[in-house]
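J.: Build me a model from this:
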Amino acid sequence: MRILLLLLVFIVGLVASTTRFSATLVYARVTLRCKAPRDAQATVFLMESDFQDHAFDEDDTFDFATYHFGKQPEMKVALKGEEFEFSGLDPYIYVLHSCTKTANHQETFVVPLMESMYRSRSFDVIIDLDRGTSVVTHRRIHS
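T.: Numbers count the residues shown, from 1 in each chain. Below is the predicted model:
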């Protein structure tokens, strides 16, 4: 058993040293819409899902920013991240906001961007917090 394990470690090391692994890049431009926010700010995170529902490996936070409602023209938050994973990336947007009818109450809104993403991509995301809807467009970028 030990010899098999050592052989496996050797093979993985050999493959890793002779193969050029590159990180997958994720860019996201996010626009939030809310007609009457209780708080003029929201926090927007670019996240990457790791082993859903497993406590031993929490999701990765790539980037985050504060969104300010009421800007003209409409504000866009630019977020980016990069990582290499054998199974591809599962990026998503996570928003913590106060676009609610209840005072002093925050809610979350999650927008999956893509599953098993192996190629670098740029996303444009528009989230309507009043309606609870989102529109996501993407394009491949060459890195």
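
J.: residue ranges of the strands in this protein, please?
T.: Listed in chain order, the strands of the chain (DSSP state E) span 24-33, 41-48, 60-68, 77-83, 91-97, 107-112, 121-128, 133-140.

J.: just so I know, which of the ones you listed lies nearest Leu7?
T.: strand 77-83 (28.5 Å; CB to CB). All C-beta spots, glycine's among them, are computed from the backbone N, C-alpha and C.

J.: May I have stretch 106-114 exported as CSV, CA atoms only?
T.: The C-alpha trace of stretch 106-114 is given here as CSV (Å, rounded to 0.1, in the frame of the first residue of the first chain):
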residue,chain,number,x,y,z
GLN,A,106,-30.4,42.9,5.7
GLU,A,107,-31.0,40.3,3.1
THR,A,108,-28.8,38.3,0.8
PHE,A,109,-29.1,37.7,-2.9
VAL,A,110,-27.1,35.1,-4.8
VAL,A,111,-26.5,34.9,-8.6
PRO,A,112,-24.7,31.9,-10.0
LEU,A,113,-22.5,33.0,-12.9
MET,A,114,-21.4,29.6,-14.4
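
J.: Buried residues, it. List them.
T.: Neighbour-count burial for stretch 106-114, counted by 16 or more other CB atoms under 10 Å, picks out Phe109, Val111, Leu113, Met114.

J.: Give me the pLDDT value at the nearest residue to Lys76 once chain neighbours are set aside.
T.: Excluding its sequence neighbours, the residue lying closest to Lys76 (CB to CB, 6 or more residues apart in numbering) is Arg29, at 4.8 Å. According to the prediction, Arg29 has pLDDT 97.

J.: Please list all residues in contact with Arg29.
T.: Counting by CB atoms under 8 Å, 6 or more residues apart in numbering, Arg29 makes contact with Lys76, Val77, Ala78, Leu79, Ser122, Phe123, Asp124, Val125.
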